[in-house]
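Chemist: I would like the atomic coordinates for the input below:
(one chain, ligands or ions: 1)
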Amino acid sequence: MPFQSSSDLLQRSLAAVWHPCTQMKHHETLPLVPIVRGEGAWLIDADGRRLLDGISSWWVNLFGHCNRRINAALREQLETLEHVMLAGFTHPPAVELAERLAALTGHRLGHAFYASDGASATEIALKMSVHYWRNRGEAGKNRFISLAGSYHGETAGALAVTDVALFRDAYAPLVRPGATVPTPDIRLAVAGESASSLARRAAQALEAHLAEHHAETAALIVEPLVQGASGMVMYDAEYLRQARALCDHYQVHLIADEIAVGCGRTGTFFAWEQVAADDAAGWPDFICLSKGISGGYLPLSLVLSSDDIYAAFYDDSSTRAFLHSHSYTGNPLACRAALATLDIFREDDVVAENRGRAERMRRQADERFANHPAVRHLRQQGMILAFDVDTGTLGAGEFARRFFAAALDHGLLLRPIGNTVYFMPPYVLGEDELRHLVDGAAAALERALR
Ligand SMILES: *Cc1c(COP(=O)(O)O)cnc(C)c1O
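Modeler: Below is the predicted model of the structure:
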């Protein structure tokens, strides 16, 4: 049945669609936003209202909605091959994408295992790590370590390394929780302590844990440089250099979950490039990618792993193989969208372009927020900018809902995480759009606090 009006669309959505990460009852007072079209950095709702997508539609969109180049690649792929199973079969987009990503790691992680969602990539990396140790005769190494406030997805396995009580507590009986070690969150620095000495302090806690538990530990999993879901927590790359050295020393894998921070968000294509910049520090054993890799078009995730990992599974015996699979593994359309995304990175020199864009975003945000009486810890890592708000007597959840609604009224999609407001826009914002983003956020802040 066609939709009669935007309110018809909303009512039918609430009746038929169970929305993610949502207490559905809240929609008795907070209206859903009915989107019918996308155009560059903008989403257009059923009443023609234009919203600037300040958070890249949950951190996935890189080059705007309905991007001409990605659309063209997808149209061509659609007329060529829409899907084929990847067990026993292969196809050009899956191969080319794996090769190009391997090249971007300097061929340190040359084996791509495909899946669809971020959480599946986490599960794959965790399973591969444990299975690796089992194949090497160390079945006792089957525990994981993550940072306080970590988020690595919400399936039952991924919840083992997700330290967000709200997402985990209800499912505690299903989850075998890993250990958490202190986060190097720069906001925790004591007076006079630099981000890098705080990082070393946090690494000492990791070392203490490893010294005691390495024999039963398979892997440490981290969100490099920015812990997204716990509120854009930022930390110094020194922590990751130390963690890499400690994992080497104690024979524990290091999994870099770049699902959110990969694809240029932190200022380099892989966040890890900033860790290994001088080549003194090694690369992770695994990198998980999803979200931006398809340009924000289609569900696609993958786990890149090293030759050493791959070799531990290469054998005559099937029981030593990695038998994990998903039906849509390596879907050609999704891989093709990812190839078009990588083309744009190359043709437009996106990482370099974003340096200027990130600087302009910082300058404008500084003007509005650096001296704002309610703003704390204004911080930035590449194309991610965040600050915390002293909400006074207002609860953080209530603040977030009020800010979200006020931003919508200013033609802006922003969705604070508790009292943390953040910008994670697509890499297409021009000067006027940046201004719209920052001015709209400033106006929403005043209204949310009023
Ligand atoms: C979003 C996210 C995931 C989970 O990805 P989904 O596609 O939502 O399952 C895992 N890790 C990090 C760091 C994320 O930001």
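
Chemist: drop to CA atoms for contacts and neighbour counts, all remaining ones
Modeler: OK.

Chemist: which SS class is Leu166?
Modeler: The assignment at Leu166 comes out as helix when based on DSSP: H, G, I helix; E, B strand; the rest coil.

Chemist: how about the helix or strand hosting Ala102: buried residues?
Modeler: According to DSSP states H and E, Ala102 maps onto helix 92-104. For helix 92-104, a neighbour-count test (16 or more other Cα atoms under 10 Å) marks 93-94, 97-98, 101-102 as buried.

Chemist: what of stretch 359-369?
Modeler: Judged by neighbour count (16+ other Cα under 10 Å), stretch 359-369 contains these buried residues: 360-362, 364-365, 369.

Chemist: before we move on, the earlier item: what's the farthest-apart pair in the buried residues of helix 92-104?
Modeler: The span of the buried residues of helix 92-104, defined through Cα to Cα, is set by Pro93 and Ala102 at 14.0 Å.

Chemist: any idea how far Leu240 is from the residue of the chain at minimum distance from the ligand?
Modeler: Per Cα to the nearest ligand atom, Gly118 is where the chain lies closest to the ligand, at 3.1 Å. According to Cα to Cα, to the nearest Å, Gly118 and Leu240 sit 21 Å apart.

Chemist: can you give me the neighbour number for the residue nearest to Ala189 when sequence neighbours are not counted?
Modeler: Distances taken as Cα to Cα, 6 or more residues apart in numbering place Leu198 nearest to Ala189, at 6.0 Å, with adjacent residues excluded. Number of residues near Leu198 (other Cα atoms under 10 Å) recorded here: 23.

Chemist: quick one: residues contacting Leu198.
Modeler: By Cα atoms under 8 Å, 6 or more residues apart in numbering, the residues touching Leu198 are 184, 186, 188-189.

Chemist: out of those residues, which end up buried?
Modeler: 184, 186, 189.

Chemist: now whatever helix or strand the residue nearest to Ala189 lives in, how far from the centre of its chain.
Modeler: Per DSSP H and E: Leu198 is located in helix 195-213. Mean-position distance between helix 195-213 and its chain equals 24 Å (Cα atoms, centre = their mean, to the nearest Å).

Chemist: quick check: buried residues in it?
Modeler: Neighbour counts over helix 195-213 (16+ other Cα under 10 Å) mark 195-204, 206-207, 209-210, 213 as buried.

Chemist: from the contact counts, what lies against the helix holding Ala102?
Modeler: strand 111-115, helix 332-347 (3 or more Cα pairs under 8 Å, 6 or more residues apart in numbering; DSSP states H and E).

Chemist: at the geometric centre of the chain, which residue do we find?
Modeler: For the chain, the residue nearest the mean C-alpha position is Ala260 (1.4 Å; Cα atoms, centre = their mean).

Chemist: wasn't it part of a strand?
Modeler: No: going by three-state DSSP, the assignment for Ala260 is coil, not a strand.

Chemist: ok, it touching Leu62?
Modeler: No: between Ala260 and Leu62 there is no contact under Cα atoms under 8 Å: 11.5 Å.

Chemist: now do the shared contacts for those two.
Modeler: Listed as contacting both Ala260 and Leu62 by Cα under 8 Å, 6+ apart are Gly292.

Chemist: assign a three-state SS to His26, would you?
Modeler: Relying on three-state DSSP, one would call His26 helix.

Chemist: pLDDT below threshold where in the stretch 151-300 of the chain?
Modeler: The model of the stretch 151-300 of the chain has no residue with pLDDT under 70.

Chemist: any residues of it in contact with the ligand? List them.
Modeler: 151-153, 223, 228, 257, 259-260 (Cα under 6 Å from any ligand atom).

Chemist: hmm, back to that, just curious, which of the buried residues of helix 92-104 is nearest to Asp163?
Modeler: Leu101 (29.2 Å).

Chemist: that closest one: what's it in contact with?
Modeler: Gly110.

Chemist: can you give me the neighbour number for Leu166?
Modeler: Each residue near Leu166 was counted by other Cα under 10 Å, and the total is 8.

Chemist: am I right that Leu378 sits in a helix?
Modeler: No: according to three-state DSSP, the state of Leu378 is strand, so it is not within a helix.

Chemist: host element of the closest residue to it other than its chain neighbours?
Modeler: Among residues not flanking Leu378 along the chain, Phe387 sits closest, at 4.3 Å (Cα to Cα, 6+ apart). Phe387 is part of strand 384-389 when elements are defined by DSSP H and E.
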